[in-house]
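Undergrad: need a 3D model of the sequence below.
(2 chains)
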Amino acid sequence: GQQVMQIPQYQHVQEGEDFTTYCNSSTTLSNIQWYKQRPGGHPVFLIQLVKSGEVKKQKRLTFQFGEAKKNSSLHITATQTTDVGTYFCAGPDFGNEKLTFGTGTRLTIIP
Amino acid sequence: GAVVSQHPSWVICKSGTSVKIECRSLDFQATTMFWYRQFPKQSLMLMATSNEGSKATYEQGVEKDKFLINHASLTLSTLTVTSAHPEDSSFYICSVLHNTGTRGIQYFGAGTRLSVL
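TA: Below you'll find the model as predicted:
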C-alpha cells in the first residue's frame, strides 16, 4: 500500500531559526495536504497543494509540491514558540478520499 | 472550514465495559466521516470510513465487531468500543470529509482519550 514518510522525525530549533520538514510518498499523489497537531490537540488543516511544482505561502510558512507529485516540503521562517507541534503531510489513496498520513515531524522550540 | 464536535473528550472505564464516542458535523451535512486511532508520539492510523446510511468500511486488521460504527444521519457518526480492554486505551479522533470542488479536505474533531483500567 501507499506509504508516506517524513524527515526528520524530530527537530529542535532555537526560536528565530528556520525549520523544514520533508515528505515523500511511495506513489504519485493527486494532491497533498498538510496538518498541524499541537501537543495534546488534534490535527488542524493547514493547506492543500494540487499542481505539480506548486508553491504556496502562509505568512512565515512556505509549502511546496514536487514536480513529480511524490514529495512535498514545509518551511517555516524565523520560528516562534507558537509553531510548536507535529506537522503531518497526508496524501489521498488512489480512487478514494482516504488519507494516508505521513510519519510526522515533531518541532520543539528552544526559547 | 468545517466545525466538528467530538464527545466525550476524555473517558475512563473499567475493563469489559463499552464506550460510545460521538462525532458531529455542526455546519454542514457530512456524507463521509473517518475514525482514526493515534498512539502517543505516533501518526494517525485510519480505522474505518463511515458512510451515512450504509455500513462502515473497516481497514485491514480492525475488528468490526469490536469497533462498532453507526452513521445514521448526515451530522452524526458514533464509534462504540465494545468490551474495552487496556490495550484499547488510545486517542480516538474523527474527521469529516468536506469536498471543495473535486478534492476533499478532512476536518478533525478534538479527539477522545480513552483509558481502560
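Undergrad: tell me the pLDDT of residue 36.
TA: Defaulting to chain A. Listed pLDDT for residue A:36 reads 98.
Undergrad: actually chain B
TA: 97.
Undergrad: my guess is it contacts residue B:47. True?
TA: Yes: with contact defined as C-beta atoms under 8 Å, residue B:36 and residue B:47 form a contacting pair (6.2 Å). The way it works is simple: take the backbone N, C-alpha and C, and place the C-beta from them, glycine included.
Undergrad: can you tell me the helix or strand for the residue nearest to residue B:12 when sequence neighbours are not counted?
TA: Among residues not flanking residue B:12 along the chain, residue B:115 sits closest, at 4.7 Å (C-beta to C-beta, 6 or more residues apart in numbering or on different chains). If you go by DSSP states H and E, residue B:115 is part of strand B:112-116.
Undergrad: who's in contact with whichever helix or strand residue B:37 is part of?
TA: Secondary structure from DSSP H and E places residue B:37 in strand B:32-38. Strand B:32-38 is contacted from outside by A:97-99, B:23, B:25, B:44-52, B:67, B:69, B:71, B:77, B:79, B:90-97, B:104, B:106, B:111, using C-beta atoms under 8 Å, 6 or more residues apart in numbering or on different chains.
Undergrad: tell me the contacts of the residue nearest to residue B:12?
TA: Neighbouring residues of residue B:115 by C-beta under 8 Å, 6+ apart: B:10, B:11, B:12, B:13, B:89.
Undergrad: just checking, which of those belong to helices?
TA: Among the contacts of residue B:115, no member falls in helices (criterion: DSSP state H).
Undergrad: returning to that earlier point: so in that sheet, which strands flank the strand holding residue B:115, and in what orientation?
TA: strand B:10-13 (parallel), strand B:90-100 (antiparallel) (DSSP bridges).
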